[in-house]
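Asker: I'll drop the sequence and a predicted model, then ask my questions.
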Amino acid sequence: MAIDRKNVEDIVRAVGGKENIEVATHCVTRLRFSLYDESKVDSAALDANDLVKGQFSSQGQFQIVIGPGTVDKVYDEMIQLTGGARSSKDEVKSAAARKQNPLQRAIKTLADIFIPILPAIVTAGLLLGINNILTGPGIFFSQSLVDVYPQWKDIAAIINTIASTAFTFLPALIGWAAVTRFGGSPLLGIVLGLILVHPDLLSAYGYASASTEGTVPTWNLFGWHLEKIGYQGQVLPVLVSAYILAGIEKFLNKRVHDSMKLLVVAPVTLLITGFLAFTIIGPVTFGIANAITSGLVYVFDHFAILGGLIYGGFYALLVITGMHHTFLAVDVQLIGSEGGTFLWPMLALSNIAQGAAALAMMFVIKEQKTKGLAVTSSISAFLGVTEPAIFGVNIRYRYPFIFGMIGSALGGVLLTINQVRASSIGVGGVPGFLSIFPNQWGVFFVGMAIVLIVPFVATVLYGRAVVGRAEKSSGAAAAATAPTTLSPPAGKDELSSRRSVQGSQEPVNILELAAPLNGTAVPLAQVPDPAFAEGQMGQGVAIEPSEGKVYAPFDATVAHVIKSKHALILEHASGVQVLIHVGINTVSLKGSGFTQLKNIGDKVKAGELLLEFDMDAIRAAGYPVITPIIIPAGQEMVEKIEEKIGPAAAKQTSILTIHLKG
């Protein structure tokens with residue numbers, strides 16, 4: 001495809017000219033810019049450009065959606081026009097990060113540290129919930145289950161050992177993630193965390209009683225007496241120490257000769273950081289962390305209603321801004337120092353409230369595709385993942401989001417005045433009760449009832465009264481676009497002649513596209529990326545995969561494989577192209593976690609394995625694994641596309657029906 005040079009010139013002019021471009025790169029679908037001044041962007045000019053499918057700004061990057069198969073040519077032409085140097089995605093990402101304000105950078109840093117270790121913490125929380133059921137009195141009997149059936153006691157003990165490990169050695173997990181984020185050696189981060197919880201040290205959990213009794217052990221450094229305590233359950237000491245360690249390691253790596261690095265860099269780095277951690281960093285941050293914890297406890301003890309209203313009501317807003325990640329550190333700190341957190345139970349109720357509001361929209365809106373999104377996204381929210389419900393449904397209509405916040409605020413007040421605590425961080429939403437102390441389940445279940453009923457009823461009543469009337473005139477037209485239920489493909493990859501489903505008597509060619517992955521097909525609106533969610537690149541569906549394998553949906557030629565292996569384009573004999581894009585922002589992994597089995601130009605048969613990917617590694621890096629399957633826009637032979645959502649079996653279930661012209 002030839003690129004109109006004038007259109008590329010117009011793109012450069014619309015982003016403020018080459019002098020406004022700091023660095024630029026591209027991925028399989030879009031141009032990515034770090035601009036000196038985004039206010040100079042002419043959005044109207046970009047919208048009018050034939051090459052541009054969409055535009056948006058995210059995390060300091062200005063992104064222009066061009067589409068697969070074209071974006072690389074546009075980028076090459078743009079580099080020739082501007083005379084600029086080719087930049088890597090990391091360079092654009094770094095340049096964009098510098099434009100964020102200090103608060104945004106701090107939030108992103110905490111998110112980058114805690115998201116990778118979240119699976120371990122959530123798993124520990126779920127297992128501790130099971131232990132709570134076995135050992136908590138008053139759940140099944142007046143005594144605990146293990147007291148009534150002693151043969152279960154050791155099983156509960158083993159579960160507790162497995163579950164508590166992540167929290168016992170939490171500084172090691174944080175050390176690994178933090179040092180990695182700050183550019184140091186992950187292994188040194190793990191060792192640093194283990195140093196801070198060494199068994200020779202007095203456990204932080206026993207510090208209060210030992211201090212009262214005057215039995216805190218000390219080190220005597222030439223007359224300087226230092227308390228010999230560990231930092232179990234603490235966050236700030238290991239975060240600050242990890243930052244110092246990474247800085248020292250990078251400093252030494254630049255100055256020590258390669259032949260001496262093994263003998264010098266790691267030992268010196270750990271020795272200096274260890275001394276600083278025990279002499280200055282630890283005592284200072286330990287005091288700061290305890291002061292913050294005491295302040296929070298004081299507020300929620302003395303102003304319980306206000307605390308519940310604010311945190312419970314506005315938690316969903318934190319999700320929108322991304323600030324909710326910062327409270328992971330607060331929850332962990334509260335669990336470590338207080339034995340339980342009063343914030344996490346409100347998070348669980350907020351998830352349910354947004355899910356209830358999204359579910360209510362199924363009974364308000366007429367358009368069938370959005371009805372399906374309301375159901376699937378509400379289920380996701382009930383299981384602890386609210387982004388599809390918030391961004392796909394509630395924010396779009398506004399009032400369900402507000403009613404969800406109101407219900408969550410009421411539930412939060414109930415929890416705070418009854419001092420409901422969670423012993424761990426688990427799965428949010430309905431399964432969240434497993435993390436609550438069993439003797440507080442009753443109050444928590446009442447809170448669950450509030451956040452289910454209030455947002456649901458309020459959304460339905462308001463929606464039918466105010467919005468329902470406005471949709472009556474357009475409901476019939478919207479219903480015509482509803483996705484059909486899943487059905488197996490008629491002939492796998494074969495084009496067949498059928499009658500049009502819209503009533504036309506003219507025969508049309510139909511291509512049934514089989515699911516390339518096992519999992520669940522969901523609407524594109526659930527994809528946490530505007531370029532996909534808003535259909536800027538074309539129509540299609542997304543699959544929440546259950547395994548890390550991608551198969552050919554029909555007999556095809558591999559038209560393109562992105563260098564980072566996370567995306568590929570297949571071309572059918574009819575000329576129809578399909579883009580399979582594994583995960584969101586997975587381009588940043590640079591191919592790590594992906595195994596490419598086919599190359600550009602290869603002929604593949606329907607059902608043939610194309611690509612393998614490590615779902616756990618992708619999630620651990622903080623990226624969603626949801627995989628968009630797109631029919632890129634601008635293919636003249638495509639007349640209409642029907643999306644099908646629901647359970648998807650690779651090589652068997654049809655997810656897209658493509659009607660071809662003629």
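Answerer: All right, it came through fine.
Asker: Mind pulling up the pLDDT for Thr326?
Answerer: We have a pLDDT of 69 for Thr326.
Asker: The one 5 residues further on too?
Answerer: Asp331 is assigned a predicted lDDT (pLDDT) of 82.
Asker: Is Thr627 in contact with Leu517, as I believe?
Answerer: Yes - using Cβ atoms under 8 Å, Thr627 is in contact with Leu517, at 6.0 Å. Bear in mind the C-beta positions are built from the backbone N, C-alpha and C, glycine included.
Asker: So for those two, which residues contact both of them?
Answerer: 543, 545, 550 (Cβ atoms under 8 Å, 6 or more residues apart in numbering).
Asker: Quick check: which ranges of this protein have low pLDDT?
Answerer: Residues of the chain meeting the criterion pLDDT under 70: 1-2, 58-59, 69, 85-101, 103-104, 321-323, 325-326, 367-370, 467-508, 662.
Asker: Distance of Ala559 relative to Val427?
Answerer: For Ala559, the distance to Val427 (Cβ to Cβ, to the nearest Å) stands at 40 Å.
Asker: Then Ile402?
Answerer: Ile402 is 26 Å from Val427, by Cβ to Cβ.
Asker: Start from the N-terminal end of the stretch 551-662 of the chain and give the helices.
Answerer: 615-620 (DSSP state H, counting those that start in this stretch).
Asker: Equivalent analysis for the stretch 251-400 of the chain, please.
Answerer: 261-276, 282-302, 304-307, 313-321, 326-338, 344-360, 368-382, 387-389, 395-397, 399-417.
Asker: Thr627 and Leu517: which is more packed in?
Answerer: Between Thr627 and Leu517, Leu517 has the larger neighbour count (other Cβ atoms under 10 Å), namely 29 against 24.
Asker: you'd agree the more buried one is up against Val550?
Answerer: Yes - the criterion here is Cβ under 8 Å, and Leu517 meets it with Val550 at 5.8 Å.
Asker: Next, show the common contact partners of the two.
Answerer: Between them, Leu517 and Val550 share these contacting residues under Cβ under 8 Å, 6+ apart: Thr627.
Asker: So what pairs up with Gln55 in the strands?
Answerer: On the basis of DSSP bridges, Gln55 is bridged to Ile64.
Asker: Identify the residues contacting it.
Answerer: Applying Cβ under 8 Å, 6+ apart to Gln55 gives the contacts 41, 43, 46-47, 62-65.
Asker: Apply 10 Å and report the result again.
Answerer: 11, 14-15, 30-31, 41, 43, 46-47, 49, 62-65, 530-531, 536 (Cβ atoms under 10 Å, 6 or more residues apart in numbering).
Asker: List buried residues within the residues you listed.
Answerer: Buried members of the contacts of Gln55, scored by 16 or more other Cβ atoms under 10 Å, are 11, 14-15, 30-31, 41, 46, 49, 62-65, 530-531, 536.
Asker: which one of these sits closest to Gly193?
Answerer: Of all these, Gln63 has the smallest distance to Gly193: 36.4 Å, by Cβ to Cβ.
Asker: wait, the closest one sits on Arg32?
Answerer: Yes - counting by Cβ atoms under 10 Å, Arg32 is a contact partner of Gln63 at 5.4 Å.
Asker: if we can go back for a sec, so of the helices of the stretch 251-400 of the chain, which one's packed in deepest?
Answerer: Sort the helices of the stretch 251-400 of the chain by mean neighbour count, taking mean count of other Cβ atoms under 10 Å, and helix 344-360 sits at the top with a mean of 31.
Asker: Against which helices or strands is that helix packed?
Answerer: Contact here means 3 or more Cβ pairs under 10 Å, 6 or more residues apart in numbering; DSSP states H and E; on that basis helix 344-360 packs against helix 313-321, helix 326-338, helix 368-382, helix 387-389, helix 395-397, helix 399-417, helix 441-462.
Asker: quick one: contacts of the fifth one?
Answerer: Just to be clear, that refers to helix 395-397. 316, 320, 354, 357-358, 361, 364-365, 370, 373-374, 389-390, 401, 459, 463, 467, 525.
Asker: Val12 falls within a helix, correct?
Answerer: Yes - assessed with DSSP: H, G, I helix; E, B strand; the rest coil, Val12 lies in a helix.
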